[in-house]
Structure formats: C-alpha cells, structure tokens
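Student: quick check, what structure comes out for this input:
(2 chains)
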Protein chains: 2
Amino acid sequence: MRKSIALLLTAFFLLPAAPRARADEGMWTFDNPPLKQWKERYNFEPTKEWLDNVRLASVRLNDGGSGSFVSPDGLLMTNQHVASGQLSKVSTKERDYTKNGFYARTAAEELKCPDLEINVLVSFEDVTKRVQGAVKAGATSAQAAEQRKGEMAAIERESNEKTSLRSDVVTLYSGGEYWLYRFKKYTDIRLVFAAEEQIAFFGGDYDNFTFPRYDLDFAFFRVYENDKPLKTANYFRWSKSGPSEGEFVVAPGNPGSTNRMLTLAQLKYQRDVGNPLQMQVWTSRRDALARYAAGGAEQARRAQSARRSLENSIKRLVGQQEGLHNARSFGRKEEDERKLLAEIARRPESRSRYAPAWAQLEAAYKELPAMAKRLAFTTLAPSRLGTIASQLVRYAAETTKPNSERLDEFRENRLESLKLTLLSPAPIYPDLEEAVLAGWLEEARKTLGADDPFVRAALEGSTPAEVAKRVVAGTKLADVAFRKSLVEGGAAAVAKSDDPLVALARRVEPVYRELRAWNEQHILSVETGAGQKIAEARFAVYGKSVYPDATFSLRLSYGRVLGYEEDTTLVPYKTTFYGLYERARSFDEKPPYDLPARWRDGRDKLDLSTPFNFVYTADTIGGNSGSPVINRNAEIVGLNFDSNIQKLPNRYWYVDDPEGGRAVAVHSAAMIEALRKMYDAGKLADELTAR
Amino acid sequence: MRKSIALLLTAFFLLPAAPRARADEGMWTFDNPPLKQWKERYNFEPTKEWLDNVRLASVRLNDGGSGSFVSPDGLLMTNQHVASGQLSKVSTKERDYTKNGFYARTAAEELKCPDLEINVLVSFEDVTKRVQGAVKAGATSAQAAEQRKGEMAAIERESNEKTSLRSDVVTLYSGGEYWLYRFKKYTDIRLVFAAEEQIAFFGGDYDNFTFPRYDLDFAFFRVYENDKPLKTANYFRWSKSGPSEGEFVVAPGNPGSTNRMLTLAQLKYQRDVGNPLQMQVWTSRRDALARYAAGGAEQARRAQSARRSLENSIKRLVGQQEGLHNARSFGRKEEDERKLLAEIARRPESRSRYAPAWAQLEAAYKELPAMAKRLAFTTLAPSRLGTIASQLVRYAAETTKPNSERLDEFRENRLESLKLTLLSPAPIYPDLEEAVLAGWLEEARKTLGADDPFVRAALEGSTPAEVAKRVVAGTKLADVAFRKSLVEGGAAAVAKSDDPLVALARRVEPVYRELRAWNEQHILSVETGAGQKIAEARFAVYGKSVYPDATFSLRLSYGRVLGYEEDTTLVPYKTTFYGLYERARSFDEKPPYDLPARWRDGRDKLDLSTPFNFVYTADTIGGNSGSPVINRNAEIVGLNFDSNIQKLPNRYWYVDDPEGGRAVAVHSAAMIEALRKMYDAGKLADELTAR
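Tutor: Residues are numbered from 1 along each chain as shown, chains lettered A, B, ... in the order given. You can find the predicted model right below:
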C-alpha cells in the first residue's frame, strides 16, 4: 500500500511517460459486444441467451434515463432522479412525493404517470447499405442528407407497418453505420416507490459527482399492459451478496451523448465557443428558476426538478471543460488524430478517399461561431408552454408533408410518442412559465440585441416581461383539450388561432426554420458526410474494434468494482450507512446534509455497516442513470446513478482507471436494508429478492 | 451553498484575479503577539496574565514536538506520535506500548522515559544590539559569524550562571533579531497514557495529511520534580463543549522550521537541488528500514517509529515540492521579492544598504550545488550508534576549547541536554543498526563514488556491508557505561580507543569538519549576514508587522475552526466517530484501515456522534504536533496533530483559507469519550475535566 507516494515521487522527480491501456472502455452495441475484452480480462464468455436476456430486461425511459425489469410482474427499477420529472408531475402542494417519497402498499395505490414512455429493444438490423446507397452520385452534402433521410423514413415506415413496433433508424459512428432498431413500447407506467429526495440526493449539488457518496437514489415503477401488470419473462434477479471488491460487472443502459469521434476542429469549437455558450444558456435558465423559487415553498417545489437537472448539467459541463482545457488530455486527442491521419496518408487510395473529410469539417466549423448565438437562442423551448406552442405550429405544418420530407421528429414513427408529451395532463404552473419565458427572452435580447430577427418577432417592441406576462395570461394551452383541438384542427386551426402564445410561436417560426435550414445545410449535412468518411477510415485502420458515440440507444458498459487514489490517499470501493450519519453529523446536519426525519429517527433500526454506494470502472455517461449493475450471473448488484468528478471529461474520451474516473451506483444491499427497515416495504423487498 | 459552481465558472470562464487577504497568518513570538489582528478579526484582547499563563502552560518536548500542562499535578498532553520515540524506547518484544497503547492506573505504574527533556519558556529578553554590536568594523562574513557566535555563547553562559536556567540565544528573522530565551527544564518525565498506534494513526501513511480524518493521536505524560509530580500553577483547563464552527482558537507551540524569508535564489536551490537531494536521503533511509522490517514482526516493531517519521517527512516534502512547482504560488513569491526590491530602490540610502544582500546570497548559492551531495552524505547520523560515535569524538575535541569557539551544539548551555541523549539507556538493536549503516554507506558510495574522501575513509576498501557488520559486531557503544567512560576519559580516551565504531568515526571526522567549515564560511555566514540585511529591509518597509521564520521556539498561531471546499464539494469542519467506522468498513477493515480489537468490539459503548477530529486555519507546521488548541478562555478544545495536504507548501508561504490549507486537531470531546468509555480511564478523564 505504498503506491501513492511512489506515484508522487515519479510525478515530481522523474516525469513519467508510461504507456496507457484503456481497459474497460466503451459503450458497446448489442450487435458488437466486447466479447474479446470480456474473455481476456475477465474470463467471461456470455451465451447468446445471456445477451438476449440482458437486452430484453433493459429499458429506456424516454424522459431521459435507463431502467430494468426486476420482477416477473413488470416491476421496473430506476433512479429517483430519473423518476423525478414524473414525481413532480404527480405531486401537488399537499402531496409532495419528491420531498416525502412514495410507496404504494397495494396495487391499487400505484400511481399512473402522465407522460412516461418506455422502450425495450426487441430487434436490430443493419441497414447501412440501404441508407448509404440511397445517396445518388454527384449529390451535394445537403442533397445527400435529404436522400438518406428519405430512405430512413421509408425503412421506419415499412418496419412499423410490418411489425407494429416502434421502429427507429439509428445513426451510429457518425453515419458509418445505420441500424433499424425495433422497440416494444409501453406507456402505462405506474409509480410504486420513490425515496425522499433528501436521501436520494443527500448532499445536494455539492455532493453530486462526488465520491465517497451516500445517496439512496432509487425508485420503482410497474409497467402495465391492458391495465394489468406486465408479465416480464426477461428480468434481473437480485444478487444475494452484492458486488465484492474487484468483481466484474456489466451496466446495460442508454448513454445519452458522447463526442469521442470529433475532429480537433470540432473539439476546439466545443471548447472555445459551443460549451461557453451552452453554459450561458443553462446558467441563465437556472438563475431564472432560482429567482422564481425564492418566492416561497410552493414555488420552490414547482421549480425543483428542473433546477436539479440544470445544476447537474452545469456541473457536468464544467468538468467537461476542465478536461478540454487540460493540456495533457487534449494532447492525447491531438496524438490520436495525428496517428489516424498518418495511417491514412500511408495508403494513397485511402488518402484521397478519406483525408478531405477533416478539411471539410474544419471549413464548415469556421462558419459556425458567427451563427452560434442565434442558433442557441432562437427558440421558446425553455418554457414548457412555449415548447407546446412551437410544437403545435410545427406539427400543423409538417404533417401536411410526405413522411420522407418532414423534420426528423415529425416522422410517422415518432408522432405517437410526441403526442404523449404534447397532450400530457401533467400540471403546468403559469407563474413559473411566465418567469421562465421572461428570463429567457431577456437573456436572448441581451445576447442577440434588440434588432435580431427572433427578438424583434418575439417582442414586437414590448419588453420581455410584458410579452411573457401577456402571452401566459392569455393562453389556453395549459388546457389539454384545447391543445387536442389544435392537433386535430391541423394547419387551418393553428393558423387562425388568436391564442397569444400560439401567435408568438407563429411569429418566431420563420426565423427558427431559416436557422435550422442553415444549420442542416452548412453544418449537419457536412458532419454526416464527413463523419461517414472518418468512420470508414477508422474501420479501415483499426477494424471494428471501436464502438460508436453514445446516441441514447442501448449499450453495454462494463468494468470492475474498484476504489482509487485521490491526492495522496485512498478512496474505498464502497461506502456504508455509517458514512451517511458521519456526513450528516460532521456538518451538524445543516442543509444539504440534513436527514429526512425517518432517517434521523430510525437510525437504530439499520445495520450501519450495510454497503451503501460503490464505484466501478465502466464507461457510462448521462442517460445511464438508472442502469442496472449486474454480475456475470445477470443478477442485480447495484443501480447506477452518477459518475465521480474525475470522470466528467468522458464526453470526449474515456477517463480510465489510473485517472480515477468511476461510475457510482447504489449497492443492492442498501436498497433491501432500507426497504425492509426504513420504509416498512418488506413486500416490495420480497418481490425483488424472490428467486 | 452555491459557491463551488460559481467559483468553478469563474475559473473556467472568466479567469479571476481577486485580491487576497492573508488572514490568520503567522507564527508569532510572545514579545510580539498579533494583538491587532486578534482585536480586529476576533474582537479578542487578551490580558498580560492570559498571555503569561498560555506561555507557561505550553511545553517544548525536545524529542521534536509540543505539549501543554493540563492539570495542576504536572499532567502533560501531547500526541501519540510525539510520544512514539519514547514509547518505542520503553517497549520490548513482550510489551509493545506502541501497538497496544499504555495506561498507568496508579502513580506507581507511570513509566519513566529514558531521555526526554521538556522546556518551559520562563523569560525572554532582546539581545539584538549586543550580538550585532559584537561584529567589528571591516570583518569578513566568516569573521562576523565567529564574533556573533562568541557573543551569543557569552550571553548564554552569563545567564546560566545567574539564573541556573537553560539559556539559549535564539536567532530570529534570519539574524534581524537575537533573543535570550530562558527555560525551566525537566527531565523526569513519565508516561501516563498512550493510545494504540492503530487508532492514533488510523489510515496510516495514506491518511497522513488527509482530512476528513479519524485519528485519536493523543498521549499523556506526567512531569516529575524531585521524584514527585510537578505542581503546575499554569495549566489549561478543559472546555466543556469543544469548539463550535467558526470559533476563534489559539495554538501555542513550537513550529520547527519554515523558509518564508528565503530569497528567490535560495528557493530555487531548494526546489531544484536541495529538496530532491533530501528526498534521496530520506527514501534511501526509509527503504533500508523497510528491508530490515521485512525480516519479521519484532524487526518491524523495532523499525516502526523511525519509519513512520521518515514516511511523514517524505510525504511532507512531496507537498512542499508541489508548492514550489506550482507556477501561481511561486509567482507570488516572485512578486513579493519584486515589490520589496522596488520599495528599497525608491530610497537611495536603503538601496545601497540592503540591495547587495540579494546578490551576495545568489553568488553564495551558486557554489552550493557542487558541494551539496558531499554535505548531505558525509555523516554517520542515520545510525543511532554512528551518531553516538561521532558525538563522542566531537565532544572530546570540542570540550577542550573555550566555550565561545566551540561548535554550536557543544556550547556549555547545551551539554547537559546532549548528555541526556548521548547516555540514554534506551535500547539499541545491533541488527537494525547494521542494516541502517550498511544501507547508508551503500547509498553514499553510489552517490559520491568510491574515490570520495568520506567513502574512502569510511570503507577503507571494504564493502559497506562488511564495514557495517564489522563495526557493529565489534563496538561496545550500546553499553551506556562504556559511553560514559569515553565522555569522562576525554580526548585521550577517545583517541586511543580501539572500538571499531569509534575508529570509524575518527576516520571520517576530518572530512566532516572540512565540509562543515566550508559550509559555515561559504554559505551559513553569508546567510546570516545577508539575512540580517534583508530582515532590516523588511522592517524598514513593512514595520514589525511580520513574524520570524519558525525555529522550534515557542510561538502563537491562531485562526478559526472552519471547513473548506475541495474539488466541487464541501469538507466539513469536523468528523465524528461514525466516520471512523465508515472508513474502516468501507475498506472491509483491510490495513491500514483495520481497527484495534478494543475499538472493533467496543463500538456500542461509544456515542458515535461525538466529534472526533476538526480543522482550523492556524499557521502551523511540524513541531506544532502536540500543541494544545485553546479557546479565548484558554481552555483546551483540541490537540493539534497534523495539517492537510493543501497546507504542505507552508514551509515557504502561508496557505490561506480560500486555498483550503488547514491544521488538523483531535477534538477535546473525543479524548474524554474515549478515555471514559473505551479505555476505562475515568480517573484520567476526571483529572482533565476537574475545574
């Protein structure tokens, strides 16, 4: 146990240049699981049945997270923070399930979610040739994009007609591959259990992305079909012991988005323009919500879910920027690109075929900074009502077009899911909407200037506060029936509506469409075209030993349960309930280190040495929240809910073991101990642990 | 509680240049306490009685630490790690007090330490004029040093003759001031209590310099005079509650050594030559001990105290180097020097008087690298027997000279203390001595080469292993009576001794003396001369609002009990016993996170929410170990035992509050809780808490 000093000595007195093995890297698709690595590193060779079962027991929550089936009766496990959007929608001032938690002791008490859709990946099929083959010789970038999009829409429609399954063509490897994913879709999802936010998110924003950690970030839904609990043939059983130190584990889930294939030109844009702009957008939204929340306890409750999500995004973005600004890490990306280009240059035929892609991207990205602010701010999206209004206006316009010519999100196969949220009965709070919209328009005017086309169209000479007040006061869009009438009324109904928020959305729509078209033509189509070439170059040089960037589709991540070194001491692989009380008492239980009353008063019921959270080396990112962590027997040993701070640059590269990057999970034993002893939820614990 | 993200945003998106207030800085002498800062920052105005009481209740342990009187009956509190040298000396294979702890239930069981001397500062007097005035006009640097030294010896002798007190002239501000310190000295010190090392040093070298922390690093001695417990009129009472968050506290103690007055030339030498060389010396000694300790449990026990001390020094040195290699921190030192030089340059008379000092130092330090390795390795000191042999040889030579011409450590006023260790009955382990000496000579030969004068004199053509084996096997120096005969026999006895280790010491002595003379003449005398000028320049520019570098003499440090931010989360101001069990369990109690049996089995006896360790902002460094932490009523609220990792560069500058530098202490409540409930030592707890 002398390594830390040895390492430090190396760092200060020798300057190391050790070769690096990127163990446990990758978010692998089920068509290309990392079987070689598993066999070599962990002597693990799963059967096809193992892989099929894992895939079919894994769930995407379209709110933006992952989950898994954990009983034969449709019980679904995820994080409290993944559930928190729905928790907030089923809560009221009188019944605050976010704050107080929730437990349905009987089936009758299970609480239907207003607008949650979940997807299970039932099949996948390579359609790369068909999509790429649709591009006609001599097509420009923009034309090629249109042709590919048309083909993707056709494939989706055919599949949907044939199977009735949700069918999405998923773009992988920046266009290097296209896959038809078919999903079984469920929309009758009911809340069974959620921990109080104060224990699910103990330590708040401070301890977010921190380890050692003491969060019981768990919740359970039950999936219904035909008003009955879904019979799930594929589900994960519960491990008796949880993970031991060093144990191999797999985390199937839906990592949201990574940018590991970006060229240096793209990365530099992110670092110098894109991320700082994103930071402005998020902080201004966060600040508007904070001002609103300061108005009282009920306002704070209403704003809580969105604020937590924004804080999380901001803290993550700070970590990503830290990575990009780190000369050593960025240097490795430069080295990677140099190496790939050198490999290409060695072969004349590949040089002419692939090398221009980098230059094309660089040229395209030169145009982007001048447009970036307009692209970021020309939207009403931060306001829920604003989103609805714009979607209605766009829906009316798009659904009159042939399927293959529509904007992506209005293709036939997406409409049902779109309507689920568009017509959701989830509560809308006009005062919150007004505060958010006013803040957003104010920030847009400040950033773009009063003469900007979007700002002019939105404000028409009034102040942001006046406009927000007028349109929110006057709109009927909070009423689901009214929205439905506009959906069904089509273009004519939308065009003649005198609803002031619909009118606002109509006014800004042309500006939005102009910018979207510009982006599509100048940036996105170049990205896809060049991205495909770069992916092909990578395949040509490295073979298919690479995994695609995350796209919020199902992946396999894996690694070991493993502590690490930080500064000059050790961070353990797990925490226990002792640590929860330590952290609370060490801050004299001042927020955010105060305990829910149940936990403060119930301490003596617990075995304090029960493992609580643990860390492991798997390659995960936002979207993996709620991923089950399973052992080689496909048993639940944990529930993924976070990463540590070291890992945050993993949007751009895998932060590997020696750097201390870790995924963070709730330990399976903590969930059972808490359900049985703290929540009097033995019935639920029994359902989980029945063999 | 949103500061962390705000700070990060600032760091990444704005680049800050905030002005910095160096609050709570300084290790202040009792002649110049920081009364202004205390009044302004903490509204605290101590009386003269308060200051006198604090001074007289504070103790220097000449082993290398601090302590305090905590009862009217001579009870002395310090750290287990300060006591550990003595613990090791009174332990045997059968009775390992380091491992198992110690508690004397009765006065009769109190255990006399073989060679511990403690000092209480009873008076101090400014003798600057007399010392500086002794330098004659036209003296060279070396002559001036001799003249000052002669005067210091005379002052000490006069004082000792007049008062019988130990009288030391202490050099402050690099020679800017000289003070006569008179000490009451005690040498009958008995062990009352020590915690098991496994709880005193829980987490071992990994958690050393770490916070949050869970160490019960405490021990108690009793001071005897005339074979009776000393009646101590000045002692610290025990606080009922311990410190609250934000509370003002004072830590009187004996910080060992700082280098804050160094010029850039000196700092660069430390960074580039001195510290790396020191690192080599310590790691080679550590490694030799580790090889020896691997031989068995008893060997490990014998080596433990020295190993722990070396590990501690190494880890601290790494932290110091990290500070010197930090461009921003080093930049502040450059800025400080630039500012001082600019101030001097503004006034023509001060320019000619002070400015040359920097150039003199720079010139002197240019010569040092070529000599540094020889200066570092030409010694037998790493071996205890080697030290004794060299001291005997030197003692014989020096005591024939007049007092004013002797090497510092052989001046009359120091001889009694020197003999205490030279003639200590503490056990000596020949096999350990041989291993250490062989390792040291090997490293010296490797570093200096076989033709180096020291190496040639030491080895005389044999191998290091042969020499070590022969001299340790043949020497009688482990026998105190034999040593005594050489002390009393004087130069003649030493010269004719055929003891092989004495012979070895005689052979290397001329090389040692030549190098010491070179160093005195070329470096040390220039440092004192130039140091005095630079100190005067500082006084001229800033007034006496500065404190002197630490010199292992009594100082006042102060600050607030205060948590801090680290990465993007909060570190609390204290820990509790919960955290001890958390840290043990989170590592599955693997060493160094295993608990002593008493603590593992006795958990339920404890109130786990009892505060355990805490952090505060005071400016402390090694030597402050064992300092009492007191509140404004001069009551014990804690026991200083460490610093956190952020604070380690404080050898060169104060690491202030926003940087998270903190001193670490055992909380007063933890000591009482443990004494009463874990050690069945209610009697001792009663003695501490009696009012």
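Student: which helix is the longest one in chain A?
Tutor: Looking across chain A with DSSP state H, the single longest helix is helix A:297-325.
Student: show me what that helix is packed up against.
Tutor: Judged by 3 or more C-beta pairs under 8 Å, 6 or more residues apart in numbering or on different chains; DSSP states H and E, helix A:297-325 is in contact with helix A:80-90, helix A:97-100, helix A:204-207, helix A:275-293, helix A:327-346, helix A:430-448, helix B:3-9. Heads up, the C-betas are built off the backbone N, CA and C, glycines and all.
Student: next SSE downstream of the second one?
Tutor: Proceeding C-terminally, helix A:97-100 gives way to strand A:102-103 as the next helix or strand, assigned by DSSP states H and E.
Student: which SSE is immediately downstream of that following strand?
Tutor: As assigned by DSSP H and E, the chain's next helix or strand after strand A:102-103 is strand A:111-112.
Student: who does that next one pair up with?
Tutor: strand A:188-194 (antiparallel) (DSSP bridges).
Student: quick one: contacts of the partner strand?
Tutor: For strand A:188-194, contacts defined as C-beta atoms under 8 Å, 6 or more residues apart in numbering or on different chains pick out A:75-76, A:80, A:83, A:86-87, A:90, A:97-98, A:101-104, A:110-113, A:116-118, A:200, A:218-225, A:227, A:675, A:679, A:681, A:684.
Student: those residues, buried ones only, as a PyMOL selection?
Tutor: In PyMOL syntax, the buried subset of the contacts of strand A:188-194 is picked out as below (16 or more other C-beta atoms under 10 Å in any protein chain shown):
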select buried, chain A and resi 75+76+80+83+86+87+90+97+98+101+102+103+104+110+111+113+116+117+118+200+218+219+220+221+222+223+224+675+679+681+684
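Student: coming back round to it: nearest to residue B:288, out of the helices and strands packed on helix A:297-325?
Tutor: Closest to residue B:288 of the helices and strands packed on helix A:297-325 is helix A:327-346 (C-beta to C-beta; 35.0 Å).
Student: any idea how far residue A:430 is from residue A:475?
Tutor: Applying C-beta to C-beta, to the nearest Å, one obtains 8 Å for the distance of residue A:430 from residue A:475.
Student: okay, the two: which has more neighbours?
Tutor: For residue A:430 and residue A:475, the more surrounded residue by other C-beta atoms under 10 Å in any protein chain shown is residue A:475, and the numbers stand at 24 against 13.
Student: can I assume that one is in contact with residue A:497?
Tutor: No: using C-beta atoms under 8 Å, residue A:475 is not in contact with residue A:497; the gap is 10.0 Å.
Student: tell me the pLDDT at the residue of the stretch 51-200 of chain A found nearest chain B?
Tutor: For the stretch 51-200 of chain A, the residue positioned closest to chain B under C-beta to the nearest C-beta is residue A:198, at a distance of 14.2 Å. For residue A:198, the pLDDT comes out at 97.
Student: repeat for residue A:347
Tutor: 83.
Student: got it, and residue A:332?
Tutor: 91.
Student: tell me the residues of the stretch 151-300 of chain A that contact chain B?
Tutor: A:203-207, A:209-210, A:212, A:245, A:276, A:279, A:283 (C-beta under 8 Å from any C-beta of the partner chain).
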